[in-house]
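Undergrad: Attaching a predicted model along with its sequence, questions to come.
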There are 2 protein chains.
Amino acid sequence: MPDRLRGKNVNPDFSLVAYLSDRKALVDGALDEYLPGGQNDPSVIVQAVRYSLLAGGKRIRPILCMAAAEAIGGEAEAVLPAACALEMIHTYSLIHDDLPAMDNDNYRRGRLTSHKVFGEDIAILAGDALLTEAFRLLTNREGMPGMPPDRLLDVAREIAEAAGYRGMVGGQVLDIRAEGEEVGLETLYAIHRRKTGALLRVSTRVGAILAGAGKEALAGLSDYGGKIGLAFQIADDILDVEGDPLLLGKGTGSDAARGKVTFPALMGIDASRARAADIVMDAISSLASFDDRATPLRAIAHYILERRS
Amino acid sequence: MPDRLRGKNVNPDFSLVAYLSDRKALVDGALDEYLPGGQNDPSVIVQAVRYSLLAGGKRIRPILCMAAAEAIGGEAEAVLPAACALEMIHTYSLIHDDLPAMDNDNYRRGRLTSHKVFGEDIAILAGDALLTEAFRLLTNREGMPGMPPDRLLDVAREIAEAAGYRGMVGGQVLDIRAEGEEVGLETLYAIHRRKTGALLRVSTRVGAILAGAGKEALAGLSDYGGKIGLAFQIADDILDVEGDPLLLGKGTGSDAARGKVTFPALMGIDASRARAADIVMDAISSLASFDDRATPLRAIAHYILERRS
């Protein structure tokens, strides 16, 4: 564990590696169960959905959701379907972003992208199916028995707002339109606040709301999530410049080649790294009033700075 | 009014033309309100969404939803947001179906398709935005005040099931895969039951569930919706053969040119017409236990046979 994690409110026995691995296994198992049909399933759409969904992502959004629920005393398993819905929405956005009409990427997570394997038509439909299935999970009362229906509705509505044209979809539009343009730091923040920030922020809100967070706790977790979202994007930009393509499972330097504006391009690598570190510290400060049940959230914040893939 | 409408359970004073026009105006007004931003809105995604959504469709899904609510004594306005969500999902499916990677259509409802006006990237995102916005409407408690939250959840879940890979998306996959193939009537029914039938059927279920339908009434309306969906598709296939392109706002003969299997191709025009008429009669029989509050649903069933666009 890095020295700076040995601070206030951090349980010294906590292992982030074990925590992430355990939570990822929980999510992978649930996703596999929600979309049954293995390699022998005859339906190409289920194959395509499973190909992208079970491709081994870090599951950061569902993990944030479960960790937020735990931070206020809830159980990770009680919010698992909603956590998985967030991963489905993230995966659908990757499938559509990779399409030839958008970023035209051939590789993702070390494998051929959906449209390279299944064709553009099926890739578009696989994204559509995942987005739709996410809302089925979110509104399926039997999946989260005993959960007050008002909370389920509020969570689904917040996710729709974060994922739609006000949030993620709107951010992707801004990003496309910014390609090859001169854009400043303000625009870059605006793009990322919507494109990746909105869904990461709502991930913590969803866990908190479902676990019955009060107004103040929800505000703190919301603030944490928003900051984590921005730090995550800056770290991603840095990895695209200097990451290890083998660890990343995709080429590096793709942002520069495409004329995409990034934080390192606008402020340099060192200043980007310093900015990300500041934001992570701010995110951790948002959790000041939480006890050591927020240890995983604090550790995840540090992890964002240190990840190599 | 055609003579055969002058039967049992039909109010002779009922004007379907006036009813459809009134309900369409209700839907058009609500859709315009849910997605604010007129021609001067700077955001291209809102422009693209509004371009397709406000292009003047018949609004048959929202009208079925409201008519089903009325058939069991509910108010059309009370289910209006859910009705509009159904139209958003229908519109998103048209935008994605028209893409070059799918049906590659240049015209829809008499206007250039979304990707011809805004580009493929924005068209894909406009579809994504509409699908997401539909679920925001469905889960927004403030939009349907006083509605029991359990009903809202059940309706959103049923729509997700009808629109996703089990339903509409799965049907589109079957349809794509069937192009240029030898397919029989059973496969054609399977395609349409999912591609168009599932959403039309759930449209009546949504209105019924929100209005508090009992088990038997729901079963009748469900049955009606499923049959209407199939009749609607057969009528659509017939129109593609012999409809008036000016009234349709799109070319005719496109199914044949593309090698799409259709009911007229498999059984001839006359037998297709007879089959559609039989199904419509069956649909009307499903409403036998309903009083004259189901008059609009009965009249809509007839209208499906008689429409010219």
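TA: Nice, I can see it.

Undergrad: From now on I want contacts and neighbour counts done on CA atoms only, so please keep to that.
TA: OK.

Undergrad: pLDDT score for the spatially most central residue of chain A?
TA: Centroid check for chain A by CA atoms, centre = their mean gives A:Arg61 as the closest residue, at 3.8 Å. In this model, A:Arg61 is scored at 98, pLDDT.

Undergrad: hang on, isn't it packed against A:Ala85?
TA: No. Look at A:Arg61 against A:Ala85 with CA atoms under 8 Å: they stay out of range, at 9.5 Å.

Undergrad: what helix or strand is the residue nearest to the centre of chain A on?
TA: According to DSSP states H and E, A:Arg61 maps onto helix A:60-71.

Undergrad: pLDDT averaged over the next helix or strand after that helix - what is it?
TA: Using DSSP H and E, the helix or strand that follows helix A:60-71 in sequence is helix A:80-97. In this model, helix A:80-97 has an average pLDDT of 98.

Undergrad: Buried residues of the biggest helix by length in chain A, list them for me.
TA: As assigned by DSSP state H, the longest helix anywhere in chain A is helix A:215-242. Buried residues in helix A:215-242, counted by 16 or more other CA atoms under 10 Å in any protein chain shown: A:217-241.

Undergrad: That one versus helix A:60-71: what angle between them?
TA: Relative orientation of helix A:215-242 versus helix A:60-71 (axes from the mean of the first three to the mean of the last three CA atoms, to 10 degrees): 150 degrees.

Undergrad: Check which helices and strands helix A:215-242 sits against.
TA: helix A:185-192, helix A:198-210, helix A:254-257, helix A:263-267, helix A:269-285, helix A:295-306 (3 or more CA pairs under 8 Å, 6 or more residues apart in numbering or on different chains; DSSP states H and E).

Undergrad: can you rerun that using 7 Å?
TA: With contacts defined as 3 or more CA pairs under 7 Å, 6 or more residues apart in numbering or on different chains; DSSP states H and E, helix A:215-242 has these neighbours: helix A:198-210, helix A:263-267, helix A:269-285, helix A:295-306.

Undergrad: is it possible to export the ones you listed to CSV including mean pLDDT, distance to B:Arg108 and mean neighbour count?
TA: Listed next are the helices and strands packed on helix A:215-242 as CSV, based on pLDDT from 0 to 100; distance: least, CA to CA, whole Å; neighbours: other CA atoms under 10 Å in any protein chain shown:
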stretch, mean pLDDT, distance to B:Arg108, mean neighbour count
helix A:198-210, 98, 33, 29
helix A:263-267, 92, 42, 17
helix A:269-285, 96, 47, 18
helix A:295-306, 94, 46, 22
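
Undergrad: so where's chain A shaky on pLDDT?
TA: A:1-11, A:38-42, A:244-254, A:257, A:309 (pLDDT under 70).

Undergrad: Might you enumerate the residues of the stretch 1-150 of chain A proximal to chain B?
TA: With the criterion set to CA under 7 Å from any CA of the partner chain, the stretch 1-150 of chain A comes near chain B through A:101-102, A:120-121, A:125, A:129, A:132-133, A:135-136, A:139-140, A:149-150.

Undergrad: could I get these as a markdown table with distance to B:Glu158?
TA: Formatted as a markdown table, the residues of the stretch 1-150 of chain A next to chain B follow (distance: CA to CA, whole Å):
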| residue | distance to B:Glu158 |
| --- | --- |
| A:Ala101 | 32 |
| A:Met102 | 31 |
| A:Glu120 | 28 |
| A:Asp121 | 25 |
| A:Leu125 | 19 |
| A:Ala129 | 14 |
| A:Thr132 | 11 |
| A:Glu133 | 11 |
| A:Phe135 | 10 |
| A:Arg136 | 8 |
| A:Thr139 | 9 |
| A:Asn140 | 9 |
| A:Pro149 | 16 |
| A:Asp150 | 18 |
